[in-house]
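Trainee: sequence first, then the predicted structure, then my questions.
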Amino acid sequence: MTTFEPDAKTLELPWPFTGREDELELVRRSMTGGRQGIAVTGPAGRGKTRLVTEAVRGTDCTRVVGAPETRGLPFAAFAHLLPETVSLHRAVHLMSSVRLLLVDDAHLLDDASAALVHQLAVHGRTRLLVVATEGARAPEAISRLWTGELLPRLALEPLPREETAQLLAAGTGGLEALTVNRLHRLCQGDLRLLRELVDAVRERGLLHRLPDSTDREWRGPVPVTATVRERTAHLLDRTGPERETLDRLAFGEPLPTDADTLDLAALEALEADGLVHVGEQGAVRLAHPLHGPVLRAAAGRLRARRLTGPLDRCAAALEAETATLTRAIAEADVRAVPAPVGEWLVAEHTGIPARHAAVRARFARLRGELREAAAWAAQGLRGSPDAESCRLELALAAAQSGDPEHTPGPTGAATGDAAPPPAEPGGGRPDIAAATWRAVARGDLDAALGTADPYDAVRLGVPDRAVGRLSGVLADHAEALARGDGPALDEVARTLEERGFLLFAAEAYAQAVGAHRDPSAARTSRTRAAALARRCQGARTPALSGLVLGELTARQRQIVTLAAAGLSNRQIAEKLTLSIRTVGNHLYSAYARLGASDRDALPCLVELPEAQPA
């Protein structure tokens, strides 16, 4: 029996389903064998309904939905499935013939419907997919499904930045990395808010295409949409001293405000309600990244003029951020550090000095965030087109993404740079590194090794050139690779990952795959290498070649190989006797695992079989 509630949430959304592959597989497994189902919980807007809808697609599923308007009516959620008057015992008997029941918005069920769902779980003849919103008051019969261990519970975490980028690429056609970061930061995992913000930005003409790119960027104010107002109503409804305090904090961003300059009683009330954070040194910030932009947008012109401070107040703080990032690079420790001033200046379309942009790009690249590195470098070149440090970072990010066509060469001058860029890990020069990776991107490994600094030689698989010329974990990497010591390479990779060098860690794990004698250890290293590589925003380096296809399912490998060979979705569907939708879903899942944004990136990821002689 397949029944859909007429007033249920929309099943088809404008963006393809992407990301959440592990969660999707977990939900699908809960519907097989002797399993009784699963409960999926999370805050509003996290994508719970879309996840379970995708999981049951193509199955014989019955669906019921809770609603606030009918919480006082017995069996209201099951009204389309049960007689008008029915006892709980009779309802259980009638519904026991349903093999798979999807219960959406279970926290809004009336008590009789909640009791029916609970009894179906107890009897165990019906598999249940139960979706409930965290933080909302739910009937006890529903919460006892997981607290009483009748059903396993999947608490959905916020969509990671990498999967958010994948979702945005699928839904918008491509956004540059700093715009992706801004949306991810503002929405904090709320996918409903994410979609609405993107639609509003697009409809209001705030997305601008970048030169020589298909990507677009968003700068300027945050649109106050219906969902934004709903999410911030508790903020906008404040009045008196509390609203004045909130507005002062909003217009004081990106710098924190001293608690001693604010109304103490108002500040205490706001802190108790979780709207502000007060640090140990008395620095006060708004609790959510969305709050400042919304408060600024809601202020009138005169109020905004009174509260807005001079932009040059950020200069010293920006210089401090630059120094912090430079020191982290020099100390070979690039774990994430808060640097909100540069991000705020870019988001507000104010512009940043080339020196700060180059350091941000270097920091991001060493973390393996190659698209972000390219975006920061491009941002610096806008104000200083001849800034050599930014040109070098753009070249390095492009080359390590396997893109030889977009690797700008040096200008021969350092115009626009206030200071030379920090050295590469291991003491190498950035201009030498750029030449090395340009050669790698062209496929000329001999030329690359001719210019490679010691650590780049290790990354390229030739550790003899580096032994004795490095120190710390970089020296450990060279020595482990020279010995062909798989466990030691795994340990090096763990240390590199702890210090934030995700791309270097992925490469070390990938090198360990071939060094391990134990097949099980090799598989573990391969899995870890691929997982880290997916977080490196399209990195394509020699050490990572050959990893990616091993992370796909057999069907995904088949479809990706055909797509890389140039076949359209329709041609693949006809060849494999699949629906076009199924082919598209497999491709989007494969893109997420491969770190690709579309099929144009597939040929450089997949080694196509050579043509066989006739």
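Mentor: Yep, that arrived.

Trainee: got the contact list for residue 522?
Mentor: 486, 512-514, 516 (Cβ atoms under 8 Å, 6 or more residues apart in numbering). No exception for glycine: its C-beta is placed from N, CA and C like everyone else's.

Trainee: show the buried residues in the residues you listed.
Mentor: With burial judged by 16 or more other Cβ atoms under 10 Å, the buried subset of the contacts of residue 522 is 486, 512-513, 516.

Trainee: from those, which is closest to residue 235?
Mentor: The nearest member of those to residue 235, counting by Cβ to Cβ, is residue 512 at 49.5 Å.

Trainee: leaving out sequence neighbours, find the closest residue to that closest one.
Mentor: Leaving aside its sequence neighbours, residue 512 sits nearest to residue 489 (Cβ to Cβ, 6 or more residues apart in numbering; 3.7 Å).

Trainee: just checking, the one you found touches residue 507?
Mentor: No: between residue 489 and residue 507 there is no contact under Cβ atoms under 8 Å: 9.7 Å.

Trainee: who has more neighbours out of these two?
Mentor: Per other Cβ atoms under 10 Å, whichever of residue 489 and residue 507 has more neighbours is residue 507, with 31 against 27.

Trainee: contact partners for the spatially closest residue to the more buried one that is not a sequence neighbour?
Mentor: Take residue 507 and drop its neighbours on the chain: the residue closest to it by Cβ to Cβ, 6+ apart is residue 543, 3.8 Å away. Residue 543 makes contact with 459-461, 506-508, 510-511 under the criterion Cβ under 8 Å, 6+ apart.

Trainee: give me the buried subset of those.
Mentor: Applying 16+ other Cβ under 10 Å to these flags 459-460, 506-508, 510-511 as buried.

Trainee: which pair in these spans the largest distance?
Mentor: Most distant of those, by Cβ to Cβ, are 460 and 506, 14.5 Å apart.

Trainee: in this structure, which residue is closest to the centre?
Mentor: residue 161 (1.5 Å; Cα atoms, centre = their mean).

Trainee: ok, it - contacts?
Mentor: Residues counted as contacts of residue 161 (Cβ under 8 Å, 6+ apart) are 180-181, 184.

Trainee: how does it look with 10 Å?
Mentor: By Cβ atoms under 10 Å, 6 or more residues apart in numbering, the contact set of residue 161 is 177, 180-181, 183-185, 369, 372, 535, 537.

Trainee: narrow these to those in helices?
Mentor: Cross-referencing the contacts of residue 161 against helices under DSSP state H gives 177, 180-181, 183-185, 372.

Trainee: from residue 336, how far off is the residue nearest to the centre of the chain?
Mentor: Distance check for residue 161 against residue 336: by Cβ to Cβ, to the nearest Å, it reads 11 Å.

Trainee: any common contacting residues for these two?
Mentor: residue 369.

Trainee: where does this protein have low pLDDT?
Mentor: Residue ranges of the chain with pLDDT under 70: 1-14, 311, 404-422, 546, 548-552, 592-614.

Trainee: now the strands for the stretch 201-350 of the chain?
Mentor: Using DSSP state E, counting those that start in this stretch, the strands assigned to the stretch 201-350 of the chain run over residues 207-209, 216-218, 257-258, 276-278, 283-286.

Trainee: mind putting those strands into CSV with distance to residue 363 and mean neighbour count?
Mentor: Shown next, in CSV, are the strands of the stretch 201-350 of the chain (distance: least, Cβ to Cβ, whole Å; neighbours: other Cβ atoms under 10 Å):
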stretch, distance to residue 363, mean neighbour count
strand 207-209, 26, 14
strand 216-218, 20, 21
strand 257-258, 27, 16
strand 276-278, 25, 18
strand 283-286, 22, 20
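
Trainee: let's have those strands in JSON lines, adding distance to residue 396.
Mentor: As requested, the strands of the stretch 201-350 of the chain are exported to JSON lines (distance: least, Cβ to Cβ, whole Å):
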{"stretch": "strand 207-209", "distance to residue 396": "24"}
{"stretch": "strand 216-218", "distance to residue 396": "21"}
{"stretch": "strand 257-258", "distance to residue 396": "38"}
{"stretch": "strand 276-278", "distance to residue 396": "36"}
{"stretch": "strand 283-286", "distance to residue 396": "34"}
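
Trainee: tell me which of the ones you listed sits nearest to residue 137.
Mentor: Per Cβ to Cβ, nearest to residue 137 of those: strand 276-278, 26.1 Å.

Trainee: domains of the protein?
Mentor: Following the assignment in automatic domain parsing, the chain carries domains at 21-155, 161-220, 227-309, 548-601.
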